[in-house]
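Q: Kindly return the folded structure for what I paste below:
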Amino acid sequence: MLQLNYFPFELAFQYPFTISKGTKTHQPALVVSLGLGNLTGYGEAPAIAYYNVSVPGMIAALEEKRILIHRYALTDPHRFWHFLHHLLPGNNFLIAALDIAGWDLFAQMRRQPLYQLLGLKWENIPLTDYTIGIDTLQEVVAKVKAHPWPIYKIKVARPDDIDLIRAVRANTTAAIRIDANEGWTFDEATRLLPELEQLGVQLIEQPLPRTAIEEMKELKALSPIPLFADESCREEKDVPTCLSGFHGINIKLTKCGGITPALRMIKEARALGLKVMMGSMNENTIGSAAIANMLPLLDEVDADGPLLLKEDVAEGLQYNNGLISLSGGNGLGIRFWGQVRESKKI
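A: Below is the predicted model of the structure:
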């Protein structure tokens with residue numbers, strides 16, 4: 001019988017974090033655990049307001065289904081995900097947390113790190129970027145100087161935010177990525193592309209609203225910079241629809257429902273010739289470790305949640321100039337503290 005527990009947290013950011021959808025100073029998150037004997041697996045679901053996901057809502061759903069989860073016999077994480085998918089329909093963030101905990105526990109049962117259980121070798125590991133939220137020009141430059149890193153992801157919302165990119169480029173030779181979070185129009189994007197190319201922008205995430213399907217097709221044909229779908233690629237069904245408008249997809253474990261569907265999404269994206277990135281929703285070390293164990297499958301990664309948060313609830317990841325290293329332990333390779341501690345900054 002599985003032992004289910006959960007732990008709500010409000011984790012402070014090092015800096016107020018602003019994107020086109022708003023500003024927050026803390027990241028609410030729910031950590032879930034699944035125990036069997038003396039082993040415990042952990043998963044995490046950050047609460048995101050613009051997806052209508054809250055910690056109290058996830059707790060209520062867990063309590064309603066607690067008995068059924070307790071009774072589940074974990075013999076295959078893939079089957080466990082299907083059980084959760086039918087038990088908690090539409091609740092992808094919570095499903096993701098439970099799915100991650102299931103994989104963590106199962107890998108511990110098999111006495112393997114998760115990436116080895118997935119049949120992966122620890123090679124061809126992409127570097128993670130460091131995200132800088134929308135801020136004043138002076139503050140953005142100050143963050144770049146305070147956090148030397150090989151790749152920056154700069155959040156933007158308006159065409160005028162190109163001033164931020166110019167300022168970053170004037171202060172570093174590092175690679176630059178842009179995430180517009182649906183903030184531009186087609187005309188704005190086409191006007192900005194030539195200068196963004198000159199500034200050496202490596203890729204652009206979700207420049208247009210996810211509903212602008214025809215405009216994205218046109219923009220892809222025009223763009224010299226790879227375009228990656230974020231809001232346009234939430235679940236498995238979205239992968240083939242992204243082919244016409246994007247060069248790649250950014251998979252979020254929380255949005256798609258966890259490791260199990262993400263593996264299928266990666267396989268389908270590869271078959272279609274799409275590049276694969278995996279992104280962060282400001283997860284702490286637990287959620288970020290799930291991403292990290294899938295690094296050999298990815299072209300690009302944005303797994304910098306523990307670097308952006310002032311606080312953490314676990315350990316097990318090391319960040320060294322963009323390279324993420326695992327602890328070598330079984331499962332996710334993390335140790336849950338059960339309490340909030342101030343995290344180490346780069």
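
Q: So which other helices or strands are in contact with the longest helix anywhere in the chain?
A: Taking DSSP state H as the criterion, the chain has its longest helix at helix 92-109. When contacts are defined as 3 or more CB pairs under 8 Å, 6 or more residues apart in numbering; DSSP states H and E, helix 92-109 packs onto strand 22-36, strand 39-46, helix 55-70, helix 77-87, helix 114-117, helix 253-256, helix 259-272, helix 285-292. Yep, even glycine has a C-beta here, placed from its N, CA and C like the rest.

Q: In the chain, which residue is most central in space?
A: In the chain, the C-alpha nearest the mean C-alpha coordinate belongs to S280, at 2.1 Å (CA atoms, centre = their mean).

Q: Ramachandran angles for that one?
A: Main-chain dihedrals, S280, degrees, to the nearest 10: phi -100, psi 150.

Q: And for A12?
A: Given degrees, to the nearest 10, the pair of backbone angles that A12 has is phi -80, psi 140.

Q: what bridges to it?
A: Counting by DSSP bridges, A12 forms beta bridges with H26.

Q: Next, count neighbours for it.
A: Per other CB atoms under 10 Å, the neighbour tally for A12 reads 15.

Q: isn't it right up against E311?
A: Yes - using CB atoms under 8 Å, A12 is in contact with E311, at 5.3 Å.

Q: For F336, which of the helices and strands packed on helix 92-109 is the nearest?
A: In terms of CB to CB, the element of the helices and strands packed on helix 92-109 nearest to F336 is strand 39-46, at 5.3 Å.

Q: ok, and what's touching stretch 200-216?
A: 151, 153, 165, 169, 175-186, 189, 196, 219, 223, 225-232, 241, 244-248, 250, 279, 300 (CB atoms under 8 Å, 6 or more residues apart in numbering).

Q: The residues you listed in helices, which ones?
A: For those, the ones inside helices are I165, R169, F186, A189, L196, L219, with DSSP H as the criterion.

Q: Of those residues, which is the most crowded?
A: Highest neighbour count within the ones in helices among the contacts of stretch 200-216: A189, with 24 neighbours (other CB under 10 Å).

Q: what's near enough to touch L297?
A: Contacts were defined as CB under 8 Å, 6+ apart; by that measure L297 touches L120, L263, I266, V276.

Q: If we use 6 Å, what do you get?
A: Residues counted as contacts of L297 (CB atoms under 6 Å, 6 or more residues apart in numbering) are I266.

Q: Can you give me the distance of it to A289?
A: With distances taken as CB to CB, to the nearest Å, L297 is found 15 Å from A289.

Q: Likewise for G328?
A: Note on G328: its distance to A289, by CB to CB, is 12 Å.

Q: got it, and I204?
A: Distance, I204 to A289, by CB to CB: 28 Å.

Q: can I get the CA coordinates of stretch 326-343 in PDB?
A: What follows is stretch 326-343, C-alpha atoms only, in PDB (Å, rounded to 0.1, in the frame of the first residue of the first chain):
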ATOM      1  CA  LEU A 326      23.200  14.800 -10.200                       C
ATOM      2  CA  SER A 327      24.100  13.400  -6.800                       C
ATOM      3  CA  GLY A 328      24.500   9.800  -8.100                       C
ATOM      4  CA  GLY A 329      21.800   8.600  -5.700                       C
ATOM      5  CA  ASN A 330      18.900   6.300  -6.800                       C
ATOM      6  CA  GLY A 331      15.700   7.700  -8.100                       C
ATOM      7  CA  LEU A 332      15.800  11.500  -8.600                       C
ATOM      8  CA  GLY A 333      18.900  11.600  -6.400                       C
ATOM      9  CA  ILE A 334      17.500  14.200  -4.000                       C
ATOM     10  CA  ARG A 335      17.200  14.500  -0.300                       C
ATOM     11  CA  PHE A 336      14.000  16.200   0.900                       C
ATOM     12  CA  TRP A 337      14.600  18.400   4.000                       C
ATOM     13  CA  GLY A 338      11.000  18.700   5.000                       C
ATOM     14  CA  GLN A 339      11.500  22.400   5.700                       C
ATOM     15  CA  VAL A 340      12.500  25.600   3.900                       C
ATOM     16  CA  ARG A 341      16.200  26.600   3.900                       C
ATOM     17  CA  GLU A 342      18.000  29.300   2.100                       C
ATOM     18  CA  SER A 343      19.500  28.000  -1.100                       C
END
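
Q: Fine by me, thanks again.
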